[in-house]
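**Q** Sequence first, predicted model second:
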Amino acid sequence: MARRSSRLSASAAQSELAKSLAALRVQLGVPGEYPAAAEEEARQASDAPLGSLPDLTELAFLTIDPAGSTDLDQAMHVRATDAGFEVHYAIADVPFFVTPAGALDAETRRRGQTLYAPDGRIPLHPPVISEGAGSLLPGQRRRAFVWRFSLAPDGTVTATSLTRAIVMSRRQWSYDEAQRALDDGNAPPELAPLPAIGKALIAQEAARGGASLNTPDQEVVLTPQGYGVERRVPLPIEDWNAQLSLLTGMAAARIMLDGGVGILRTMPPADDAAIAAFRARTELLGLPWVPGVEYGAYLRGLDRAQPHALAVLQAAASLFRGAGYEAFDGAPPAQPVQAALAAPYAHVTAPLRRLVDRWGLVICEALTAGNPVPEWVRASLPELPHIMNVTTSLSARLDSGAIDRVEAAVLSGRVGEEFDAVVLAQNHTKTRIQLAEPAVEASVDSIAGNPGDVVRVRLVSTSIATGALVFTPA
């Protein structure tokens, strides 16, 4: 089909997109440069001696992250033992760099978490810490909170310990590299047991009735032509790696609950009405969730290449609502469980990128060592849920707004074309669809179809400035 002269060129669309993304930051009030006083505190802290701590540099730690990552929160060392497995999981010692009630502390509380956007991330901590002295970069001596887990062959935890120590990562792996090494049988000894450990922990999760699934995600990618969107299915190693973080978060939650002080990441279980509605939806889609099958097992068994499976996964999100943070000092929360995991859970594995993890790590270290929880921690605990909820909302709005604008830029030269799409969901006013190619989602009017149906649509207009897309039935 010939391109109309009124359409934007690819370069013009990308230029307009850059302006739109910058305007989105202003519109949402996204933080800008770090205050000078906080920057200076960060610089001084990054130059400070590491101090006297146990030396665990003989362990060949490694990191696994998306390619190009520089803010490395976690490093692992895993091995098989006669009794099952041993896991050492090192978490960046961010509390060492942040003086309570200082300028850096105040600014991190204002930011709450690292924000990610196509035109660059907005870090929680200045790069001198988050990409330098605090990051578990390879070949560098670093302070860390080191969790040690002994696991039975089936993934049951038989022992847990936590200590501050000096560690050194030997290598930074990307997910693709690590998956390839495991598939080819070339993984080093400190990585090779990860699939067995991950699968055992997944089986433990399934037995609890949990369902923390790595489902296909819409991602913004940078191509030679500019920004684009694609739908990527996570590699198996991403799920295995995530299980170590979940293992640590559940251990941290148990330490806090037993100690009577802490902050949990909670999510209430779905009520009976929501479960019944979801079960009815799966039947209408021809992929029934039959009684007797656990929720997680059902979702894991779906073929994500099927259009109806995408609609089921969209509907499943209705059962995972109400996530938040519950701080306590004394009586535990009335509802302490994270329903997707079917267990209490706390955020402690990403302190470079998430504010609440700094509190969780300090609390867990104090409780496991039999020391008092620092007063600054107890005094500031009540404010954390509000900070995290506000900044999580900001992160979601930035993410959705950016994706909308990138999608509009990707489709700006294709007004008038027709596309196949899958109906994901429908309500009284809008229908949510996903194009087969490119991987664009949109909420549209006047599109008839039940969830899971394949429909043909025509693109009527795009707006890079607002991210709006208008489709009509073809």
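**A** Received, thanks.
**Q** Look at residue 292 and say how many residues are nearby.
**A** Using other CB atoms under 10 Å, residue 292 has 5 neighbouring residues. Where you see a C-beta, it was placed from the backbone N, CA and C, and this is true even at glycine.
**Q** ok, which stretches of the stretch 201-350 of the chain are helices?
**A** Assigned by DSSP state H, counting those that start in this stretch, the stretch 201-350 of the chain shows helices spanning 236-259, 272-284, 295-300, 307-316.
**Q** what bits of the stretch 1-150 of the chain have low per-residue confidence?
**A** Residues of the stretch 1-150 of the chain meeting the criterion pLDDT under 70: 1-10.
**Q** which residues in it form helices?
**A** Under DSSP H, counting those that start in this stretch, the stretch 1-150 of the chain gives helices at 10-28, 36-46, 103-111, 127-128.
**Q** next one: the last one to chain centre, how far?
**A** Its chain's C-alpha centre lies 22 Å from the corresponding centre of helix 127-128 when counted by CA atoms, centre = their mean, to the nearest Å.
**Q** Likewise for the third one?
**A** Relative to the chain's own centre, helix 103-111 is displaced by 22 Å; criterion: CA atoms, centre = their mean.
**Q** Run the angle between that helix and helix 36-46 for me.
**A** On the basis of axes from the mean of the first three to the mean of the last three CA atoms, to 10 degrees, helix 103-111 is oriented at 120 degrees to helix 36-46.
**Q** Any buried residues in helix 103-111, and which?
**A** Judged by neighbour count (16 or more other CB atoms under 10 Å), helix 103-111 contains these buried residues: 103, 104, 105, 107, 108, 109, 111.
**Q** Test my guess that the second one contacts residue 46.
**A** Translated: residue 104. No: with contacts counted by CB atoms under 8 Å, residue 104 stays clear of residue 46, the gap being 10.8 Å.
**Q** Just the closest of the buried residues of helix 103-111 to residue 128, please.
**A** The closest of the buried residues of helix 103-111 to residue 128 turns out to be residue 104 (CB to CB; 10.6 Å).
**Q** residue contacts, the closest one?
**A** 38, 41, 42, 45, 97, 98, 125, 126 (CB atoms under 8 Å, 6 or more residues apart in numbering).
**Q** Where neighbours are concerned, which of those has the most?
**A** Ranking those using other CB under 10 Å puts residue 125 first, with 30 neighbours.
**Q** residues contacting that residue?
**A** 42, 94, 97, 98, 104, 108, 134, 352.
**Q** what do you get for residue 54?
**A** Counted by CB under 8 Å, 6+ apart, residue 54 has contacts 163, 164, 165, 166.
**Q** Save these as CSV, and put in pLDDT too.
**A** Converted to CSV, those look like this (pLDDT from 0 to 100):
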residue, pLDDT
163, 98
164, 98
165, 98
166, 98
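**Q** now the buried residues of helix 103-111 as JSON lines including distance to residue 64?
**A** Converted to JSON lines, the buried residues of helix 103-111 look like this (distance: CB to CB, whole Å):
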{"residue": "103", "distance to residue 64": "34"}
{"residue": "104", "distance to residue 64": "29"}
{"residue": "105", "distance to residue 64": "30"}
{"residue": "107", "distance to residue 64": "30"}
{"residue": "108", "distance to residue 64": "26"}
{"residue": "109", "distance to residue 64": "30"}
{"residue": "111", "distance to residue 64": "26"}
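**Q** Phi first, then psi, for residue 468.
**A** Dihedral pair for residue 468: phi -80, psi 140, per degrees, to the nearest 10.
**Q** From residue 411, how far out is it?
**A** Plainly put, residue 468 is 11 Å away from residue 411 if you go by CB to CB, to the nearest Å.
**Q** Kindly report the same for residue 192.
**A** Distance, residue 192 to residue 411, using CB to CB: 44 Å.
**Q** and those two? which has more neighbours close in?
**A** residue 411 (23 against 16).
**Q** So that one sits against residue 438, correct?
**A** Yes: the pair residue 411 and residue 438 passes the contact test of CB under 8 Å, sitting 7.5 Å apart.
**Q** Now do the contacts for the nearest residue to residue 277 once chain neighbours are set aside.
**A** Take residue 277 and drop its neighbours on the chain: the residue closest to it by CB to CB, 6 or more residues apart in numbering is residue 318, 7.4 Å away. Counting by CB under 8 Å, 6+ apart, residue 318 makes contact with 270, 274, 277, 278.
**Q** again with residue 194
**A** So residue 194 contacts 76, 78, 182, 187, 237, 240, 241 (CB under 8 Å, 6+ apart).
**Q** what's the fourth one sitting at in phi/psi?
**A** Main-chain dihedrals, residue 187, degrees, to the nearest 10: phi -70, psi 140.
**Q** Skipping adjacent residues, who's closest to it in space?
**A** residue 181 (4.3 Å).
**Q** re the thing from before, as JSON lines, the helices of the stretch 1-150 of the chain with distance to residue 307 would be great.
**A** Below are those laid out as JSON lines (distance: least, CB to CB, whole Å):
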{"stretch": "helix 10-28", "distance to residue 307": "29"}
{"stretch": "helix 36-46", "distance to residue 307": "49"}
{"stretch": "helix 103-111", "distance to residue 307": "40"}
{"stretch": "helix 127-128", "distance to residue 307": "43"}
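**Q** on that earlier part again, tell me, what's touching residue 104 and residue 46 both at once?
**A** Joint contacts of residue 104 and residue 46 (CB under 8 Å, 6+ apart) are residue 97.
**Q** Name the member of the contacts of residue 125 with the shortest distance to residue 303.
**A** residue 352 (36.7 Å).
**Q** in the helix or strand that contains residue 158, what counts as buried?
**A** When secondary structure is defined by DSSP states H and E, residue 158 falls within strand 157-174. Using 16+ other CB under 10 Å as the test for burial, strand 157-174 gives 157, 160, 162, 164-173.
**Q** Including distance to residue 205, could those go into JSON lines?
**A** Below are the buried residues of strand 157-174 laid out as JSON lines (distance: CB to CB, whole Å):
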{"residue": "157", "distance to residue 205": "13"}
{"residue": "160", "distance to residue 205": "17"}
{"residue": "162", "distance to residue 205": "22"}
{"residue": "164", "distance to residue 205": "29"}
{"residue": "165", "distance to residue 205": "28"}
{"residue": "166", "distance to residue 205": "32"}
{"residue": "167", "distance to residue 205": "27"}
{"residue": "168", "distance to residue 205": "31"}
{"residue": "169", "distance to residue 205": "27"}
{"residue": "170", "distance to residue 205": "29"}
{"residue": "171", "distance to residue 205": "28"}
{"residue": "172", "distance to residue 205": "27"}
{"residue": "173", "distance to residue 205": "24"}
